[in-house]
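Trainee: Sequence unavailable; structure follows:
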């Protein structure tokens, strides 16, 4: 049985990925700091559900605590590491930028050191669509330049990609960076738009709609996302001289076993359409508080996922109406409304 270390296992994506890996017969070891960035009870409930499975165990600790995560890896000797833990949130990064440096840069370095010490078969690390920054050429392709991040959050993820490449080159660690595009679904974070919109519409309180709703996002359902990660686990990059057939448009490094892959729905949805879908499922109209564009926000995101399809023969496909329907049902059940 292969052992997978999942950092951020009590988080939104980490929970769903861990659940999928357990179902497929992996031994999953979670590592999570249980920070109070949002309601810790939600994280605790996710872990409680995972702990019902004998093939899941977890350690509570901060990414910045190298000795703790190093000791864990020494004990479990992971075959694969999926690094999801991070300080998330674009808006929060405007108020607390230091948290992002500590967690996303120092913490990621510690994970990479563990991957080096144990020569893991594959290191997979989360990046973000925010890394495309001011790039206006869409849909976004992995080989586009990413030199214009708009927030410190995006800048830390850019740093993670550069750090990952250097370690892949220096220590021959097969490394895949995956860029997420606006992930949503059951058990989502309370700071995310879907949670805030659903809560506001149900309770009859105003929801903040930035740029008057004239924004576009490539909304990606969480089950589609974690399926993409699971399939990428089986396709570790090699050094280019060892690859038999490099696909056209591949982001494979010319000097390292390192690759970047978009995971998105390949469809940009207007924010007003997203809100319309929530209204339909809740059965009430939203009270929309129309606001100007917020600092650091991108006007649109849109993923080209041809590389993901080439590597895994998989393309995310849950449409926004179906995804929102599943989310609203979860929200009503969880909060008994």
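Mentor: In hand now; what should we look at? The structure displayed is predicted, hence computed values, not measured ones. Numbering: from 1, shown residues only.
Trainee: count of neighbours near residue 40?
Mentor: Residue 40 has 12 neighbouring residues, counting by other CB atoms under 10 Å. Where C-beta positions appear, they are placed from N, C-alpha and C, glycine not excepted.
Trainee: To clarify, my last question referred to residue 167.
Mentor: 20.
Trainee: next one: the one 10 residues further on
Mentor: Residue neighbour count, defined by other CB under 10 Å, stands at 24 for residue 177.
Trainee: before we move on, what about residue 324?
Mentor: The burial count for residue 324: 27, using other CB under 10 Å.
Trainee: Report all helices and strands that the helix or strand hosting residue 4 contacts.
Mentor: Residue 4 belongs to strand 3-7 when elements are defined using DSSP states H and E. Contact here means 3 or more CB pairs under 8 Å, 6 or more residues apart in numbering; DSSP states H and E; on that basis strand 3-7 packs against helix 12-23, strand 27-32, helix 66-76, strand 80-83.
Trainee: Mind checking these for the one nearest to residue 298?
Mentor: Proximity to residue 298 (CB to CB) singles out helix 12-23 among the helices and strands packed on strand 3-7, at 20.0 Å.
Trainee: centre of the chain versus the closest one, how much separation?
Mentor: Its chain's C-alpha centre and that of helix 12-23 lie 12 Å apart, by CA atoms, centre = their mean, to the nearest Å.
Trainee: do stretch 59-79 as well
Mentor: With CA atoms, centre = their mean, you get 21 Å for stretch 59-79.
Trainee: Tell me which residues of it come out buried.
Mentor: 59, 61, 62, 63, 66, 68, 69, 72, 73, 76, 78, 79 (16 or more other CB atoms under 10 Å).
Trainee: For the helix or strand harbouring residue 274, name the packing helices and strands.
Mentor: Residue 274 belongs to helix 271-282 when assigned by DSSP H and E. Helix 271-282 sits against helix 193-203, strand 207-210, strand 216-217, helix 320-335, with contacts defined as 3+ CB pairs under 8 Å, 6+ apart.
Trainee: how does it look with 6 Å?
Mentor: helix 193-203, helix 320-335 (3 or more CB pairs under 6 Å, 6 or more residues apart in numbering; DSSP states H and E).
Trainee: Ignoring the adjacent residues along the chain, who's closest to residue 172?
Mentor: residue 257 (6.4 Å; CB to CB, 6 or more residues apart in numbering).
Trainee: what's the burial count for the one you found?
Mentor: So residue 257, with other CB under 10 Å, has 23 neighbours.
Trainee: residues contacting it?
Mentor: 168, 174, 237, 238, 239 (CB atoms under 6 Å, 6 or more residues apart in numbering).
Trainee: switch to 7 Å and redo it
Mentor: Going by CB atoms under 7 Å, 6 or more residues apart in numbering, residue 257 touches 168, 172, 174, 175, 237, 238, 239.
Trainee: same thing with residue 262?
Mentor: 140, 142, 179, 303, 304, 305, 307, 308.
Trainee: rerun at 6 Å
Mentor: Applying CB under 6 Å, 6+ apart to residue 262 gives the contacts 142, 179, 303, 305.
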